[in-house]
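Peer 1: with the input below, show me the fold.
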Amino acid sequence: MSQPELNIPEVLAELTDAFDRYEKALTTNDVAVLDELFWNSPLTIRYGAGENLHGYAEIAAFRAGRAGPFGRRLLRTVITTYGRDFGTANTTFQREGSQSTGRQSQTWMRTPEGWRVVAAHVSLLPPGAG
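Peer 2: Next comes the predicted model:
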């Protein structure tokens, strides 16, 4: 099996744009864009700081009830593409008013509709850790 080409410049730029669009939608609570950027499949998973969501329907229901907008600062983001249709985006962040460091991991896949999150995980470290 051959190794996929990593970080093809135009593919990395596409996924970075999708990640940036997601980040803007997240902090402005643009639920329509957040829903759009998750793969509409029962196989999609999002594990959050306080919830385990299995399938697009559970993720969309969570988003519909979430409060927002909120501010956060990204501390370190690493986006990597593997070939032309698969990538990961990992970032650490700090929300306004919090001393905790958060971690967010996303697995992205190119679909006919564009780049979509197929799996995500968000967790928080205790204040002072990280």
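Peer 1: only C-alpha atoms for contact and neighbour calcs from this point on.
Peer 2: Fine.
Peer 1: quick one: contacts for the closest residue to Ala67 other than its chain neighbours?
Peer 2: Nearest non-adjacent residue to Ala67, counting by Cα to Cα, 6 or more residues apart in numbering: Asn29, 7.6 Å away. Applying Cα atoms under 8 Å, 6 or more residues apart in numbering to Asn29 gives the contacts Ala67, Gly68, Pro69, Phe70.
Peer 1: relative to Pro126, how far out is Asn29?
Peer 2: Noted for Asn29: a distance of 25 Å to Pro126, by Cα to Cα, to the nearest Å.
Peer 1: just among the contacts of Asn29, which is most surrounded?
Peer 2: Gly68 (13 neighbours; other Cα atoms under 10 Å).
Peer 1: if I read this right, that one contacts Lys24, doesn't it?
Peer 2: No - the pair Gly68 and Lys24 fails to qualify as a contact (Cα atoms under 8 Å) at a distance of 12.0 Å.
Peer 1: can you tell me the distance between the two ends of stretch 33-52?
Peer 2: Across stretch 33-52, the terminal residues are separated by 21 Å (Cα to Cα).
Peer 1: contact partners of that stretch?
Peer 2: Contacts for stretch 33-52 (Cα under 8 Å, 6+ apart): 22, 25-26, 53-57, 59-60, 63, 115-124.
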